[in-house]
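here is a sequence with its predicted model. Questions after.
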Amino acid sequence: MQYKKINNLLGWLCFVIASVTYILTLEPSVSFWDCGEFISCAFRLQVAHQPGYPLFAMLGKVFSLLSFGNNAKVPYFTNLGSAIASGTTIMFLFWTITALAKKLVPATKDDENENVRTILIMGAGLVGALAFTYTDTFWFSAVETIVFALSALCTSIVFWAILKWDAHADEPGADKWLIFIAYIIGLSIGIHLLNLLTIPALSLVVYFRRAKTINTKSAVIAFLISIGILGLVQFGIRQWTIQLSAYFDLFFVNTLGLGFGTGSIFFFILLISLLVGGIFYSIKKGKAILNLALLCVAFIYFGYSAFVYIPIRATANTNLDNSHPDNAFTLNGYLNRIQYGETPLLTGPYFDAKVIDQTEGSTLYRKGEKKYEVSGKKQHYIYDHTTVFPRIYSTEGQDPSFYRQWLQMGETDVPGMVENLKFFFSWQTYQMYVRYFMWNFAGRVNDGDGQQEMGGFKGYVDGDWTTGILDGTKHLPKSVTQGLTYTPLYALPLILGLFGMWYHFKQKKRDALIVALLWFFTGMAIVMYVNQPSVQPRERDYSYVGSFYAFAIWIGLGVIALAEFLRKKITPKTAAYAATAICLLTVPVVLAKQEWKAHDRSTKMIAHDMAYNYLMSCPPNAILFTYGDNDTYCVWYAQEVENIRPDVRLVNLSLFTGDWYIHQMQRKMNEADALPITMPFDKYKDGIRDVLYFRDAKILGYTEVKDVFDFISSDDPRVMTTYPSGETANYLPTKNFKITINPQDIIKNNVVPADKISLIADTMKWKYTSNYIMKDNLAMLDILAHNNWKRPICFAVTVGNENLIGMQPYLYKEGFVYHLMPLKVDTAVKDEPSKLNTMVAYNNIMNKFKFGKFKTAKYLDHESTTMFYPVMITTFLDLIQSLIAEGHEDLALKALHKYDEVMPDLNVDMRITGSKFYMAQNAYKLHDIALATKYVTSINSYIVDQLEYAYAQLQNNSGAYNPREVQMGIQLIYGMADAARTNHQTELYNKYMAEVKNYETKFASIFKQGE
């Protein structure tokens, strides 16, 4: 059979194997993090978060149509889009490896040797492509609606295409491949920017193929030119194009008096004219290089034109309309992600630096009624303590304390370049790249978040990598070795990849250098550019999938290296077959076997049902405040796609600081009316009341929220304060708030249940908990002042205390939400978050909730086990305890049995295990001794497992254990012994007390240190 036919057939075989794998393990509904937003934006063609993913949304819309009106199936088919894209990526990876392998194995005229050559090349392609198929990071993104699957496809296409060009570069018309690459790069900007990082590697291919002389000097120049091309696309085309159009629009609108958008339209007509004119000029003058360059730029713009989608859909005022980029200035800020701030790269401050001066930069504009208005000036701060290559620079939140903790610095230690580089190598490089790399090619301990855990060869830490080879000597607990996400790969992919890399550099340095550039720019270059300040909301391994893709090429080429080694002992043909078989069995097969259980999401519905539970916990027409991604995006999906509880108005507090978002909240959405926000847009638009500081006016007692709101939103200069800079601004005069209650309004609007009418307070009083008011607080006070109890106000149980602005005494749990109710404060209540509106909560949890196949799912991801499993335990615990306290033991027992029916018996960590012990105590209280025994037996097994591991580490002086968890574990065993004694379980009591004495003896040194 011809080489080309075999190559094509095996490429398609890889596509089938990979696609079937991903389809079989596909998540059937919405996933956590950004997936809910992406599905919603695809389904309704809406505007996602910065910097926009228009092509991704449009392609997602195509796949969503396969649901044929069954909206509950929309996420399955958008997830299917990722699976197909990922399968296609594997196909192009196969063809990329065979193209490089073909150059690595010299051709012969002998048929027998040529057959051996074909076997080697195809074996390399199969091993490398199928190995990457089953890698942890790539597989994770392949089974959900996320941009990284399509982004990887773009990377695979352009790298394959440059090799096609390389193979035909001397033929007429070969440069069409370069234009094709430019078009794909332009399209990829509408999916994700990672694809741009292939440009240096692509440029080097052109240099090696077209340069007249190749030496170190010309190679360095070629490399610098490639960086320049990358900068041209990233900044010149992607950013400055929109920025220039914005200033054209400013001139046309503010100076010429024309309508919004006229300047931008003129700019793009001018840009197109210049490109067309330049292309005609290059043809007329016979300037081939100029012609090629201009055509590539034109085709990048063709692909980039997908971004026209953003202002078009923003102008349509879609429900999800992040930043509302309906004009050139907002679109420019949207594309440049200005809401996330700027990250210093070459120079910048240390985290302890003090601002000693500031200068004004460029003018900032916002869209007004008829003209663009000045919203302020960009501020540049001058610091007293700066450095080159700043890595420990952030002063935000807990970042400074994290730097000191990670670097083991004292509170008064001054950071310098030593600490700066130590953080770069130990955290940014090792923790946030090398660890991820090793997950994929050496093995993984578990799916815990290990960003703050310094791993190593002693014991284990959550989220660490492992080969599994020496794990038997570490006394690892069963909770790790028997976990679904314990995936030791014995470093087999790593070894084969390093072998292939060594052989590639030895035989074909230029080709190896091209792959190395792709590896570096999609890996460590991202580390340096992103310059992550400290702990991220989630592990960021998906950012480096292009780097793992590049390494997979060397895994494939490792087959050829192994065959070359085996040829010294056996015949070339036998060596080719043996190398292929050995590598297939030891890498792709091992990867598939180990990783499958940790990626099979086919039975998981947690994200979908948790979103459902948030909405079903709300009273009719409620206003629901959320904060994070995982309590917002899935709920967006539930409303926007499945139309679940469209009467609930969802408000994300982390977005509520944006004027555009508050403005959106002032209009109807789905079946939910506008929020009762009375402020006109002029009172809170960008640059106005961005932050108001507390300045104690010594006001006695408590002040009505409406009066406070009127004061801080007034434009009267007499109620403002003047700062040393001469600027006047509103301020917060008091933190003591109150709302006077009209009981008739409360009763008429069914704010409280009938059995609590007698508890309605005359006045709600609370103390505001911050020293400043941001736009979200301002809008919330507006709602509190003017809602008049007409609509229920709820907060998701996952909202942090700082976002509740001190109203905890009036918040009552009703499932997954806290309901604001003006009841008399019970001063005897010590644990305010556990207060329930008991019977409403019982009805919601027992009759309305869904449980996401929590108990039967083959695999539960990190968010399910560490975020929502504890939430479910707490939700049931609070309900059961409240029912017992109110004398409803029969209902409490039903709730306990419901929990046991729907929730799995997981021991995620010692804290969650402690919560499970409270469930066992409730079982004892309700006289279900069998269920209590079941729980304490499970808890005891986990604790003993952990304590035995800790003791082994103590004996080895490894320090790989947590003394606090040791003490907590022993206390839990003692608590279970006490419960067993109280309930006359003598055998259990004796067993647990014996364990307590045993571990108190074993860990005596820890207790002495504690004393």
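Yes, it's here. Numbers count the residues shown, from 1 in each chain.

tell me how far the residue of the chain positioned farthest from its centre lies from residue 735.
Within the chain, residue 110 marks the point farthest from the mean C-alpha position, 53.9 Å out by C-alpha atoms, centre = their mean. Distance of residue 110 to residue 735, computed by C-beta to C-beta, to the nearest Å: 88 Å. In short, each C-beta sits where N, CA and C put it, glycine included.

same check, this time on residue 704
Residue 704 sits 14 Å away from residue 735, going by C-beta to C-beta.

same drill for those two, tell me which one is more crowded.
A direct count of neighbours by other C-beta atoms under 10 Å for residue 704 and residue 735 places residue 735 higher, at 19 against 14.

neighbours of the residue nearest to that one when sequence neighbours are not counted, how many?
Excluding its sequence neighbours, the residue lying closest to residue 735 (C-beta to C-beta, 6 or more residues apart in numbering) is residue 768, at 4.1 Å. Other residues near residue 768 come to 20 when the count uses other C-beta under 10 Å.

right, and residue 768 touches residue 733 too?
No - Residue 768 lies out of contact with residue 733 (C-beta atoms under 8 Å); the separation is 11.1 Å.

could you name every residue contacting both of those two?
With C-beta atoms under 8 Å, 6 or more residues apart in numbering applied, the contact sets of residue 768 and residue 733 do not overlap.

quick one, phi psi at the residue farthest from the centre of the chain?
phi -80, psi 130 (degrees, to the nearest 10).

how far away is it from residue 103?
Relative to residue 103, and taking C-beta to C-beta, residue 110 is found at 19 Å.

again with residue 302
Here residue 302 is placed at a distance of 32 Å from residue 103 (C-beta to C-beta).

who has more neighbours out of these two?
Using other C-beta under 10 Å, the more surrounded residue of residue 302 and residue 103 is residue 103, with 17 against 14.

list the contacts of that one.
With contact set as C-beta under 8 Å, 6+ apart, residue 103 has these partners: 508, 511.

please renumber so the chain begins at 53
That works, and once the first residue is 53, the last one we named lands at residue 155.

just checking, next helix/strand downstream of the helix or strand that it is a member of?
Counting by DSSP states H and E, the element that carries residue 155 is helix 126-156. Per DSSP H and E, the first helix or strand lying C-terminal to helix 126-156 is helix 163-185.

buried residues in that following helix?
Neighbour counts using 16 or more other C-beta atoms under 10 Å place 168-185 of helix 163-185 among the buried residues.

residue 142 against residue 64, yeah?
No - proximity of residue 142 to residue 64 does not meet the contact threshold set by C-beta under 8 Å, at 10.5 Å.

looking at those two, which is more packed in?
residue 142 (31 against 13).

next up, phi/psi of the nearest residue to the more buried one once chain neighbours are set aside, please.
Nearest non-adjacent residue to residue 142, counting by C-beta to C-beta, 6+ apart: residue 70, 3.9 Å away. Main-chain dihedrals, residue 70, degrees, to the nearest 10: phi -70, psi -50.

am I right that residue 70 is in contact with residue 139?
Yes - applying C-beta under 8 Å, one finds residue 70 in contact with residue 139, separated by 4.1 Å.

now for the two: what residues contact both?
Common neighbours of residue 70 and residue 139 (criterion: C-beta under 8 Å, 6+ apart): residue 194.
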